[in-house]
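Asks: Got a sequence here, can you build the structure:
(chains A and B)
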Amino acid sequence: MPDELSVIGKALPRPGALPIVNGTAVYVRDLKMPGMLRTHILRSPHAHANIKSIDTTAAEQYPGVAAVLTYKNLPSEWPAGYGSGNHIRILNEKVRFVGDPVAVVAAETQAQAEAAIALIKVEYEELPAVFTIEDALRPGAPVLHEAYPSNTLPEAPYEYGDVDAAFAQPDVVTVEATSSFIAEIPSVGYIEDCGTIAWWEDDRVIVIRTTQNSPTTLSKIAQFTGLPVTKMRVMSPRFVGGSSNIKENALKDLEFAVTLSKLAGRPVGVFLSKEESFLQYHKERMSISYKFGLKPDGTLVAVDGAASGEGAAYNYTASANAAATHLCYVAYFPNLRFSQLNSVFTNNPPGGGCRGYIYQEAEWTAMHALQQAMETIDIDPYEFYMKNTLKLGTLYYYNKWLTCDCDPITIAAAKAATAFDWKDKWQGWQKPSSVAGHKVRGVGIGWGGNGCGNFTSYTATVALSNNGTVSITPSEDEFGNGNRTNPWRQAAEVLKIPLDSVKGPPADTDAQPFYAWQTACGTFSIGRAIKRAAEDVRRQLLEMAAPTLGVKAEELDTKDRIVYVKANPTQTLTWSQIIPSQTSIVGTGTNIAEQGRFPEIICAFAEVEIDTETGDYELVNAVLATDVGQIVSPQDCEQQMIWSLVMDGTREAYVQDKATGRVLNPNYLDCKSRTFADLPNFESIITETPVVDAPYGAKSLAECIGVPLTPAITMAIYNATGKLMDLPIGPDKILAALGKA
Amino acid sequence: MTKKTKGKEGQLSRREFLRDAGLVVGGATAVAMPLLAACDSPTTATTTATATTTVTVTTAPITTVTTIPTTTVTVTAPPTVDPPATASAISTIELTVNGLKRLVQIEPHQTLADMLRDTLGLTGTKVGCDRGACGACTVLVNGKPVLACMMLAIEAGETSVTTIEGLAVKGELSPLQQAVYDHTGYQCGFCTPGLIMEATALLAEKPQPTMEEMKAAFGGHICRCGAYYSFMESVTLAGGK
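Replies: Model prediction:
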């Protein structure tokens, strides 16, 4: 660790962010390409149907229409490149959810595209539909994909330790629990809706997209076009309204823009509406059964489980695997077996990532079930989680045996318990923490995380130029959390230059070496590669300066673009004197992924107040806590914690017509998002226990944020009402629990 | 066809426009309508560009408007950048935008947000939901915060509109903008312009607002990154400056 840090951990404005406050920030929807066509999508009114016939003649003849895309006129040379197994095309003769695209019109104006859509005649053959995991798995259930006749995608079993031997121990208490905690699907509801602008230059497609992940967009295009990645270029604008979230998804704005621009020979912009974005973007349901084995003192011994994850219509991201792999972040079981894991097709709108892919859902479900085990042995949940969480030195299993080389949570959790006043507020299971007339309060805890710490391999370069420029590649897409510029802080720190003197291009796959993808990996995976590149270029710089200054390179240091002799700081050379005119020196750094290492664990303490007359509940106090090793950007770090309040599954969920599968509330008015007016007393506790082998001792923080609060609130409501509820939790459920409905 | 609009109290808001056109805004079914209309058979969705051609007088627009079929797609999802579909649809309004007098040709169904973004190129005003539910498009009309997606452009005649682009004076950020930048009172930044406009109006009225006053004033704004507290802290820092 350097003895003094000048950039890392300092509250500095984000470089290049001025346009956000002066209104000049350009997002995808603010861009217009010359001659760009607008689009509108015809969507299926049926949850499951075959398209018997489709007539686009009138639409094609409508004024201003340049192209109408259906499954019939997809470029014939393009392969099937969509769905879980790349087994279908981007449009098909079959529709599998209400809102599934059927046809897309590209026209001179939005109004013309919308008018032309209305002229398309479609005849459907309706098919029976399934909307739950259970129904999809019943014998004789309607089959969504012929390639998967059982409606399932089986996954490899996951097992470690000796589960049977562990259960056979004499003093093991066995608790069986099955949970489908996520009864209705919470939304993501990012503020900027997805959009893509695409055009072709000869045989090469150029794309600008609302993405946090340009390289992944590249591979998606390659999948459904069959083109090599050299035939495409993906850029993101400097600004993406990602709501600190992933916009890799099943929405097909990318697919339609690429295809229609090819058909029409002109740039095409596909900009989805809020309703469209809401419809196809959510977390996914899971159904998990567990047999827990634990000692009477709360020590976990073994778990034997089976899990299904809802892949919905196309199983874009679902996987049941996380039910097994990620349990270790909730509470560690030394012996674990999930002999059955599968994801299941249903006629619900397809899901996408929401700070990770389905592991949060798995952990929510696990906490919901574990609560039952805790109550069985009557243990304080704080004591339970502290006992079973990963600690420094814990031997644990995440695809392989690892030793936990940091303390992810215990110091922070202890502080949080004090800040929340847990010991005084906890009265025992099913016991309110306080009662005042018709206002009853309860408390609860949630606990979980992930192993995203070093998820991605990555190569970065840092170039120093004669004119003093410091430039970094690759450049990340910026979607809210400072992901693009926070890793730059590590280069600025190594080179001892002001943060705002570092620059990098907007993400552009043509302008950068290939990098795989990044998700919640900015601080660690990318930061470490950039730090190593900066160290490499610094070494070169000092070696170049050494002969002129007549000392060894080790005797030199650099600050503010000046190299000086440490023993005699008046003996100096400027970077411009060292680096030959018109040239640059380039350092490279590579990080190799170590998935599962450097766990991020976060806990939440929640206190709710229930009005027993109205059934309303309010989150009145919340404390979140985690350890990040070293804070890189204080404001961004703090703000990430607040996102837990946004992704509150107890409040937000789709209302779905159970008969037709239609989502009835795909908007902010009816799917209640927490806003300023609903904020609780909130405290975030971020401790810094430096992590050995991490860049500046810093771990990632981001993906795990959404994990703990929802189950904490559910536990709090349970203790206030005596009823364990699934999501979402509204006055109807609470009044029913109180025997008033 | 230069149009003069009436005073504020006599104007037709976009919400009223929609309601009088036969749509009940606010219910799940109604707000889901664009999508559902797109899902339904061709007979239920109507052509759009020509259906709203004859709003020429602001004193009696309702009569004209009520003739629009209730399932008109345009009503709830207005075109974004289109040139006026027919010459007869064009009206001209005169207003002040960020201190400059402007004569703007508009379509009757165009919202203020669309006019600002598409006609005047002021894309700093963001449209988050186009339903008056998220606050992202907030601008100041005669100094008062207004949801630009819920106000028809034609209502903005003879008003003074201030957008996020109009807050800095000769390139110098307003104290609030500066505080939001310095304090990182944002994350992805998409909701930030609307919040800054709302907070600008609040600070004009209450130079040092309390937390509760801020929560109430910003209650109509959704920030899906959760930059709630940092934004309020920024406002506090800017207070009194």
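
Asks: quick one: the residue of chain A most remote from its centre from chain B, how far?
Replies: Residue distances from the centre of chain A (CA atoms, centre = their mean) peak at A:G550, which lies 52.0 Å from the mean C-alpha position. Per CB to the nearest CB, to the nearest Å, A:G550 is found 44 Å from chain B. Yep, even glycine has a C-beta here, placed from its N, CA and C like the rest.

Asks: What of A:E201?
Replies: Taking CB to the nearest CB, one finds A:E201 at 23 Å from chain B.

Asks: for A:Q571, same thing?
Replies: From A:Q571 to chain B the distance is 37 Å (CB to the nearest CB).

Asks: mind checking pLDDT for that residue?
Replies: With respect to pLDDT, A:Q571 has a value of 97.

Asks: ditto for A:G453
Replies: For A:G453, pLDDT reads 76.

Asks: Equivalent analysis for A:G437, please.
Replies: On the pLDDT scale, A:G437 gets 96.

Asks: burial measure for it, as a count.
Replies: A:G437: 8 surrounding residues under other CB atoms under 10 Å in any protein chain shown.

Asks: Likewise for A:K274?
Replies: Using other CB under 10 Å, A:K274 has 27 neighbouring residues.

Asks: was I right about it contacting B:D130?
Replies: Yes. With contacts counted by CB atoms under 8 Å, A:K274 reaches B:D130, the gap being 6.6 Å.

Asks: Ignoring the adjacent residues along the chain, who's closest to B:T184?
Replies: Once flanking residues are discounted, B:T184 sits nearest to A:Q635: 3.7 Å by CB to CB, 6 or more residues apart in numbering or on different chains.

Asks: mind checking how far that neighbour is from A:V494?
Replies: Going from A:Q635 to A:V494 by CB to CB, to the nearest Å gives 22 Å.

Asks: cool, and A:P408?
Replies: In terms of CB to CB, A:P408 sits 26 Å off from A:V494.

Asks: higher neighbour count, these two?
Replies: Each of A:P408 and A:V494 has its neighbours counted (other CB under 10 Å); A:P408 has more, 30 against 26.

Asks: How about the more buried one, nearest residue that isn't a chain neighbour?
Replies: Leaving aside its sequence neighbours, A:P408 sits nearest to A:I601 (CB to CB, 6+ apart; 3.9 Å).

Asks: So what sits opposite that neighbour in the bridge?
Replies: A:G449 (DSSP bridges).

Asks: Return the residues in contact with the residue of chain B found nearest chain A.
Replies: Here the residue of chain B nearest chain A is B:G124; by CB to the nearest CB that distance is 2.5 Å. B:G124 is in contact with A:22-25, B:163-165, B:193, counting by CB atoms under 8 Å, 6 or more residues apart in numbering or on different chains.

Asks: which of those residues sit farthest apart?
Replies: Maximum pairwise distance among the contacts of B:G124 (CB to CB): 13.2 Å, between A:A25 and B:T163.

Asks: tell me the contacts of the nearest residue to A:V707 once chain neighbours are set aside?
Replies: Nearest non-adjacent residue to A:V707, counting by CB to CB, 6+ apart: A:G448, 3.7 Å away. When contacts are counted by CB under 8 Å, 6+ apart, A:G448 touches A:326, A:329-330, A:360, A:363, A:366-367, A:601-602, A:704, A:707-708, A:711.

Asks: Try it again at 7 Å.
Replies: Contacts for A:G448 (CB atoms under 7 Å, 6 or more residues apart in numbering or on different chains) come out as A:329-330, A:363, A:367, A:602, A:704, A:707-708.

Asks: Give me the lowest-pLDDT entry from the residues you listed.
Replies: Across the set of these, A:C704 stands lowest in pLDDT, at 89.

Asks: Would you mind listing the residues in contact with it?
Replies: Contacts for A:C704 were tallied using CB under 7 Å, 6+ apart; they are A:448-450, A:600-602.

Asks: go again using 8 Å as the cut-off
Replies: With CB under 8 Å, 6+ apart, A:C704 has these contacts: A:329, A:355, A:448-450, A:452, A:600-602, A:626.

Asks: Can you classify it by secondary structure?
Replies: Put simply, A:C704 is helix when judged by DSSP: H, G, I helix; E, B strand; the rest coil.

Asks: how about the helices in the stretch 151-300 of chain A?
Replies: Under the criterion DSSP state H, counting those that start in this stretch, helices of the stretch 151-300 of chain A are mapped to A:163-167, A:214-225, A:253-264, A:274-279.

Asks: should've said chain B
Replies: B:14-20, B:28-31, B:33-39, B:61-65, B:73-76, B:112-114, B:175-182, B:192-205, B:211-217, B:228-238 (DSSP state H).

Asks: Would you mind putting the CA coordinates of stretch A:125-142 into CSV?
Replies: Output of stretch A:125-142 as CSV, limited to C-alpha atoms (Å, rounded to 0.1, in the frame of the first residue of the first chain):
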residue,chain,number,x,y,z
GLU,A,125,-53.8,-20.0,-34.2
GLU,A,126,-54.0,-19.7,-30.5
LEU,A,127,-52.2,-22.4,-28.4
PRO,A,128,-52.6,-23.2,-24.7
ALA,A,129,-50.2,-21.3,-22.6
VAL,A,130,-48.3,-21.8,-19.3
PHE,A,131,-47.4,-19.1,-16.9
THR,A,132,-45.8,-20.8,-13.9
ILE,A,133,-42.9,-23.1,-13.5
GLU,A,134,-45.2,-25.7,-12.0
ASP,A,135,-47.6,-25.7,-14.9
ALA,A,136,-44.8,-25.8,-17.5
LEU,A,137,-43.4,-28.9,-15.8
ARG,A,138,-46.7,-30.8,-15.7
PRO,A,139,-47.0,-33.9,-18.0
GLY,A,140,-48.8,-32.9,-21.2
ALA,A,141,-48.0,-29.2,-20.7
PRO,A,142,-47.9,-27.1,-23.9
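
Asks: now that stretch, how far from the chain's geometric center?
Replies: The gap between where stretch A:125-142 is centred and where its chain is centred comes out at 29 Å by CA atoms, centre = their mean, to the nearest Å.

Asks: so what's B:Q187 up against?
Replies: By CB under 8 Å, 6+ apart, the neighbours of B:Q187 are A:243-244, A:480-482, A:636, A:639, B:223, B:225-227.

Asks: Among those, which one has the most neighbours?
Replies: Tallying neighbours with other CB under 10 Å puts B:C223 at the head of the contacts of B:Q187, with 33 neighbours.

Asks: so how far is B:M232 from that one?
Replies: Distance, B:C223 to B:M232, using CB to CB: 11 Å.

Asks: Also A:G293?
Replies: To B:M232, A:G293 is 47 Å away according to CB to CB.

Asks: Can stretch A:259-270 be said to contact chain B?
Replies: No. Using CB under 8 Å from any CB of the partner chain, we find that stretch A:259-270 stays clear of chain B, coming within 9.2 Å at best.

Asks: What are the buried residues along that stretch?
Replies: A:259-264, A:266-270 (16 or more other CB atoms under 10 Å in any protein chain shown).

Asks: Just the CA coordinates for it, please, in PDB.
Replies: In PDB, the C-alpha atoms belonging to stretch A:259-270 read as follows (Å, rounded to 0.1, in the frame of the first residue of the first chain):
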ATOM      1  CA  THR A 259     -31.800  -6.200 -39.800                       C
ATOM      2  CA  LEU A 260     -34.000  -3.300 -40.900                       C
ATOM      3  CA  SER A 261     -31.000  -1.100 -41.800                       C
ATOM      4  CA  LYS A 262     -29.800  -3.900 -44.000                       C
ATOM      5  CA  LEU A 263     -33.200  -4.300 -45.600                       C
ATOM      6  CA  ALA A 264     -33.800  -0.600 -46.100                       C
ATOM      7  CA  GLY A 265     -30.200   0.400 -46.900                       C
ATOM      8  CA  ARG A 266     -30.500   3.300 -44.500                       C
ATOM      9  CA  PRO A 267     -29.800   4.100 -40.900                       C
ATOM     10  CA  VAL A 268     -32.500   2.800 -38.600                       C
ATOM     11  CA  GLY A 269     -33.300   3.800 -35.100                       C
ATOM     12  CA  VAL A 270     -35.300   1.500 -32.900                       C
END
